[in-house]
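Q: Next come a sequence and a model predicted from it.
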Amino acid sequence: MLFDTHAHYDDERFESELDKPLDDFIIELFSGDVGGIINAGTNIETCKKSIELSEKFNRMYAAVGIHPSDCYKYGDIDGILGAIRELSRHKKVVAIGEIGLDYHYDFSPRDIQKVWFEAQLDLACELGLPAVIHDREAHGDVFDMIKRKKGVKVVMHSCSESAETVRQLTDMGHYISFSGSVTFKNAKNTVLAAEACPLGQMLIETDCPYLAPTPHRGKLNHSGLVRHTAEKLAEIKGISYDEICRITYENALRFFNISE
């Protein structure tokens, strides 16, 4: 079974590009080799949608948080953090995320991003939940902030870190999640990062509907395609496909404290 630890089924692309209702499509995924999905919120609206999705399917879970590209929308950080805290009490919420820093698009001022990132890391510590980290071209600041927060455990979503940073993060007890980007032809650094990541701290994801793996690049991504990421990681680590599926599935249950 495959566990897709990061998806966005609330994204409007699913409504516009699927040839069937989303609920029917997800039922088909769970009737195949997909054994678990975590839908990650990026703002209050998508956090609520993630929880609504998790209520419909036994093996669908939710992460709630404010994405760095969305935090500029909210002026009342204490009020929004209170709303996230309340949403996190739902039984299907397993993480705070996705949160972090994005210096590529810079939709939110960087100083504002840092305030929100630190506040949500503190919230994850307070709630005893893991944090799902978005890091785009902000590696130094993300690493420094995580290093300062001794009580939080994090997963680096859709790994773009160097092999050395992966070694440092996993030495600190954190996890690394690999998406379809590890299958791309120009993914040399991501492959090196996967080589450096201990099997016991490795997760897989789609980040769907985006980052469809080779040979589906440019198409609508979904959890059924996470097998291509698993196949590539099995090749990199020199183990069987069944073994990488088992290991990453068990890692997901342990990291997100999910009891089946």
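A: Yep, that arrived. Numbering: from 1, shown residues only.

Q: you'd agree residue 68 is in a strand?
A: No - read with DSSP: H, G, I helix; E, B strand; the rest coil, residue 68 is coil and lies in no strand.

Q: quick one: contacts for it?
A: 99-102, 107-108, 113, 116-117, 134 (C-beta atoms under 8 Å, 6 or more residues apart in numbering). Yep, even glycine has a C-beta here, placed from its N, CA and C like the rest.

Q: wait, which of the residues you listed is closest to residue 227?
A: The closest of these to residue 227 turns out to be residue 134 (C-beta to C-beta; 23.9 Å).

Q: Name the helix or strand for that closest one, please.
A: strand 131-136 (DSSP states H and E).

Q: Show me which of the contacts of residue 68 are buried.
A: 99-102, 108, 113, 116-117, 134 (16 or more other C-beta atoms under 10 Å).

Q: Can you tell me the strand partners of the strand or helix carrying residue 61 and which way each runs?
A: In the assignment (DSSP H and E), residue 61 maps to strand 60-64. Partners of strand 60-64 in the sheet, by DSSP bridges, are strand 34-40 (parallel), strand 93-102 (parallel).

Q: what angle sits between that strand and strand 131-136?
A: Counting by axes from the mean of the first three to the mean of the last three C-alpha atoms, to 10 degrees, strand 60-64 lies at 70 degrees to strand 131-136.

Q: average pLDDT for strand 60-64?
A: Averaged across strand 60-64, pLDDT comes to 98.

Q: Over to stretch 247-260?
A: pLDDT averaged over stretch 247-260 gives 96.

Q: repeat for stretch 169-176
A: 98.

Q: Now that stretch: buried residues?
A: Quick answer for stretch 169-176 (16+ other C-beta under 10 Å): 169-170, 174-176.

Q: cool, stretch 195-205 as well?
A: Those would be 196-197, 201-205, for stretch 195-205 by 16+ other C-beta under 10 Å.

Q: Could you do stretch 210-227 as well?
A: 211-214, 220-227.

Q: can you check stretch 116-129 too?
A: Buried, per 16+ other C-beta under 10 Å, within stretch 116-129: 116-117, 119-121, 123-125, 127, 129.

Q: contact partners of the longest helix seen in the chain?
A: Among the elements of the chain assigned as helix by DSSP state H, the one spanning the most residues is helix 110-127. With C-beta under 8 Å, 6+ apart as the test, helix 110-127 has contacts from 65-66, 68, 71-72, 77, 81, 84-85, 88, 95-96, 99-103, 108, 130-131, 141-142, 145-146, 149, 151-152, 154.
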